[in-house]
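**Q** task: produce atomic coordinates for the following.
(2 chains)
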Protein chains: 2
Amino acid sequence: MLPAKNIPWFATASREERWLVGVSGGADSVALLHFLVEAGFENLVVCHLDHGLRGSASAGDADFVGNLAAGYGIPCEIGRADVASRIKERSESLETAARNERHAFFFRCAEKHDCPRILLAHHADDQAETVLWNLLRGSHGLKGMRERSMMATKKGTSLEIVRPLLGVRRAELVGWLTSRELPWREDASNAEPIAIRNRLRNEVLPLLDEITGRDSIQAFARGAADTEERAALEDWAFVQADVLDPQGRLHVPALRKLPVSLQRLALRKFLIDDGVTAVDRELLESALGLLDVGNAPVINLPGGGRLRRKEGRLWVEKMHEE
Amino acid sequence: MLPAKNIPWFATASREERWLVGVSGGADSVALLHFLVEAGFENLVVCHLDHGLRGSASAGDADFVGNLAAGYGIPCEIGRADVASRIKERSESLETAARNERHAFFFRCAEKHDCPRILLAHHADDQAETVLWNLLRGSHGLKGMRERSMMATKKGTSLEIVRPLLGVRRAELVGWLTSRELPWREDASNAEPIAIRNRLRNEVLPLLDEITGRDSIQAFARGAADTEERAALEDWAFVQADVLDPQGRLHVPALRKLPVSLQRLALRKFLIDDGVTAVDRELLESALGLLDVGNAPVINLPGGGRLRRKEGRLWVEKMHEE
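**A** So this is what the prediction gives:
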């Protein structure tokens, strides 16, 4: 049995507050929606994006989700995107294009329903795959999805993403739906039919199970719990390090007093907070060089900005502000 | 080409100081020994343990290493262990028994040669496998081998382990030896013929390479660089948190002021520093419970000790001191 009451998030979440719920029609998001209804959430809005990637099956998914929501008397937003065109126009990968369209849709729903939070049905199997994939892409530390995270637009609006099912195995969700004879759309959750991720899921993780005799999905998902722990530790350390001046610039003499690992951490957090993406080891090493007055006082940042040292302070000069 | 001068550790290490070097006779440790000689290290001691696991090949390995050292005029310690008997007597796994015998041998060499440091030839492939295996065993965060680490005995003696080759691929070492026409003992480095680790190396890592089109060994080994970063961050945070009283006990009111992730960190470091092994998530949650005066003031620790709360302090009561 997998009732909502065994999932920690459900114990404390407000039933009265409005929540958007992303529902693809796949087993995971369908189970999430049923859990929410059973647990007494009264103010839900179902959000479904047709990515336009599955031909006539896409329309079937949208109908299924629309009917499911209508059956419960829940408002439902059905959006349509043309991911294939976006890929051509912007040279984005399928994964990136689909995600960007989905996020844009979620923001539109959030605005329309005046609701800055959305529930998504990512589960432990997704988490394991994400941890492994991030590790293979050379991420900094162990990086999984967080139970709560914020998305922001350039216009400054933000949307909280909540993932209550990260600790639940996909098989449990399917088992629960099956035991209740509740239907879902096969493959609907695969709006991201990414060859690599599918092969990690279907080949690597089962091979690891077989070799180690352990449940590798649980192992990776548990490892991802470290994502939260690490983030909290870094946030605390950054505050303790006390390296920002009243204008929010990095104070070089304060930085110099820290051990180099803390200098790296402070520079990384400062750059990320300032919207610099792709902060990798190489960039951090150049940024560290700015602490040495013998070096040039400015480095280029990805995306066109610069990190500048002047009068004992470091700050980011944005490309368009120069 | 892979000369020692491209490996960071060689740039700063003292050539005059005495260094023990673990040499199995396999390509990795044989390459390390040649590098050290070429780089001008003058005071080496070769240490080779015959684990007694490879039948007559074991004696061949020992002869090979003995001759290699003699050719360079380097003192050589050859030890013999009966790992199979140890497994029977102590019900240890092959991996644990072999490691314990090896460590005991290294400590004997360290004492005999008055040299508290040993160089080992673990390389990037070993590191990748270790990271993956630790992750699958549910380790806390990304955990690889460290370039420098300390081993301690119960008697209080300690031995520094240094691994200069963690960033170097095994294929580079083999390629270097081949280009110099230098021989090594095939399989000699496999003193730990562990089915699981071998399968990770021979099946999983190549499959990951194939699926992702990336070099997964480099990715995991890079990920392991985070081991150092994380350790440094935690050490710094523990000092900043300032939770030890002058007697080295945990100060409960100071702990209570910290965010829970820092409380966990402080408890974990405190227990590990006190020699408690196997500090897992479950144990930490029980230990956290001690911060609440409504709970019982003592919890049992693995290995028989206890963590006790009294007069606003926490400390470990060892089993034999009670």
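
**Q** give the rounded mean pLDDT of stretch A:98-112.
**A** Regarding stretch A:98-112, the rounded mean pLDDT is 93.

**Q** what's in contact with it?
**A** A:20, A:22, A:45, A:47, A:49, A:51, A:53, A:77, A:79, A:81, A:83, A:86, A:92, A:115-118, A:151, A:153, A:157, A:159, A:191-192 (CB atoms under 8 Å, 6 or more residues apart in numbering or on different chains). (Each C-beta comes from the backbone N, C-alpha and C, glycine too.)

**Q** up against chain B, what does the stretch 101-250 of chain A have?
**A** Contacts of the stretch 101-250 of chain A with chain B, taken as CB under 8 Å from any CB of the partner chain, map to A:135-142, A:196, A:199-200, A:203-204, A:207-208, A:211-212, A:214, A:216, A:219-220, A:222-223, A:225-226, A:228-230, A:232-234, A:236-237, A:240.

**Q** if we use 6 Å, what do you get?
**A** A:135-136, A:138, A:141-142, A:196, A:199, A:211-212, A:216, A:219, A:222-223, A:226, A:229, A:232-233, A:236-237, A:240 (CB under 6 Å from any CB of the partner chain).

**Q** do a quick rundown of the strands in the stretch 201-322 of chain A.
**A** A:250-251, A:298-300, A:306-310, A:313-317 (DSSP state E, counting those that start in this stretch).

**Q** what's the spacing between the shortest one and its chain's center?
**A** Shown here is strand A:250-251, whose average C-alpha point lies 29 Å from the average C-alpha point of the whole chain (CA atoms, centre = their mean, to the nearest Å).

**Q** same deal with the third one?
**A** Going by CA atoms, centre = their mean, the spacing between the C-alpha centre of strand A:306-310 and its chain's C-alpha centre is 30 Å.

**Q** same check on the last one?
**A** Distance, stretch centre to chain centre, for strand A:313-317: 28 Å (CA atoms, centre = their mean).

**Q** thinking again about what came up before, ok, of the residues of the stretch 101-250 of chain A next to chain B, which come out buried?
**A** Buried members of these, counted by 16 or more other CB atoms under 10 Å in any protein chain shown: A:135-136, A:138, A:141-142, A:196, A:199, A:211-212, A:216, A:219, A:222-223, A:226, A:229, A:232-233, A:236-237.

**Q** what separation do you get for the closest residue to residue A:308 other than its chain neighbours and residue A:314?
**A** Once flanking residues are discounted, residue A:308 sits nearest to residue A:298: 4.7 Å by CB to CB, 6 or more residues apart in numbering or on different chains. The spacing between residue A:298 and residue A:314, counted by CB to CB, to the nearest Å, is 10 Å.

**Q** compare those two and say which is more crowded by neighbours.
**A** residue A:314 (25 against 14; other CB atoms under 10 Å in any protein chain shown).

**Q** and residue A:64, that's in a helix?
**A** Yes - assignment of residue A:64 by DSSP: H, G, I helix; E, B strand; the rest coil places it within a helix.

**Q** tell me if I'm right that it and residue A:185 touch.
**A** Yes - using CB atoms under 6 Å, residue A:64 makes contact with residue A:185 at a distance of 5.2 Å.

**Q** what's the overlap in contacts for those two?
**A** Residues touching both residue A:64 and residue A:185 by CB atoms under 6 Å, 6 or more residues apart in numbering or on different chains: residue A:25.

**Q** any low-confidence regions in the stretch 101-250 of chain A?
**A** For the stretch 101-250 of chain A, the stretches with pLDDT under 70 are A:138-141, A:188-194.

**Q** spit out the contact partners of the residue in it positioned nearest to chain B.
**A** Per CB to the nearest CB, the residue of the stretch 101-250 of chain A with the smallest distance to chain B is residue A:232, at 3.7 Å. By CB under 6 Å, 6+ apart, the contact list for residue A:232 reads residue B:261.

**Q** before we move on, what about residue A:215?
**A** The contact partners of residue A:215, taken as CB under 6 Å, 6+ apart, number zero.

**Q** the lengthiest helix in chain A: how far from the chain's middle?
**A** When every helix of chain A is counted residue by residue (DSSP state H), the longest turns out to be helix A:216-241. In terms of CA atoms, centre = their mean, the centre of helix A:216-241 is set 15 Å apart from its chain centre.

**Q** and that helix with helix B:216-241, angle?
**A** Note on geometry: by axes from the mean of the first three to the mean of the last three CA atoms, to 10 degrees, helix A:216-241 and helix B:216-241 are set 40 degrees apart in direction.

**Q** re the thing from before, so of the contacts of stretch A:98-112, which ones are in strands?
**A** A:20, A:22, A:45, A:47, A:49, A:77, A:79, A:117-118, A:151, A:159 (DSSP state E).

**Q** domains in chain A, by residue range?
**A** Here the domain assignment for chain A is A:4-212, A:242-321, based on automatic domain parsing.

**Q** among those domains, which is the most enclosed?
**A** When the domains of chain A are scored by mean count of other CB atoms under 10 Å in any protein chain shown, the highest mean neighbour count falls to domain A:4-212 (a mean of 18).

**Q** so the residue nearest to the spatial centre of chain A: helix, strand or coil?
**A** For chain A, the residue lying nearest the average C-alpha position, counting by CA atoms, centre = their mean, turns out to be residue A:145 (5.3 Å). For residue A:145, the assignment made with three-state DSSP gives coil.

**Q** got the contact list for it?
**A** Here residue A:145 is in contact with A:122, A:127, A:130, A:163 (CB under 6 Å, 6+ apart).

**Q** what do you get for residue A:197?
**A** residue A:129.

**Q** using the three-state scheme, assign it.
**A** Classified using three-state DSSP, residue A:197 is helix.

**Q** now it: how far from residue B:4?
**A** 41 Å.

**Q** before we move on, what about residue A:102?
**A** Residue A:102 is 51 Å from residue B:4, by CB to CB.

**Q** what of residue A:227?
**A** From residue A:227 over to residue B:4 (counting by CB to CB), the distance is 38 Å.

**Q** just residue A:229 next, same as before
**A** Going from residue A:229 to residue B:4 by CB to CB gives 38 Å.

**Q** which residues are contacting the helix or strand hosting residue A:171?
**A** Residue A:171 belongs to helix A:170-179 when assigned by DSSP states H and E. Residues from elsewhere that reach helix A:170-179 (CB under 6 Å, 6+ apart): A:2, A:27-28, A:31, A:123, A:125, A:184.

**Q** among those, which lie within helices?
**A** A:27-28, A:31, A:125.

**Q** of these, which pair is most distant in space?
**A** For the ones in helices among the contacts of helix A:170-179, the farthest-apart pair by CB to CB is A:31 and A:125; their separation is 12.9 Å.

**Q** give the other helices and strands that the helix or strand that contains residue A:71 contacts.
**A** Assigned by DSSP H and E, residue A:71 belongs to helix A:56-72. Helix A:56-72 sits against strand A:44-50, strand A:76-80, with contacts defined as 3 or more CB pairs under 6 Å, 6 or more residues apart in numbering or on different chains; DSSP states H and E.

**Q** so residue A:117 sits right up against residue A:160, yeah?
**A** Yes - counting by CB under 6 Å, residue A:117 does reach residue A:160; the two are 4.3 Å apart.

**Q** shared neighbours, those two?
**A** Contacts common to residue A:117 and residue A:160, judged by CB under 6 Å, 6+ apart, are absent.

**Q** for the ones in strands among the contacts of stretch A:98-112, which one is nearest residue B:41?
**A** Among these, and counting by CB to CB, the member closest to residue B:41 is residue A:151, at 54.3 Å.

**Q** who touches the closest one in this structure?
**A** Applying CB under 6 Å, 6+ apart, the residues near residue A:151 are residue A:159.

**Q** please consider this matter closed, and thank you.
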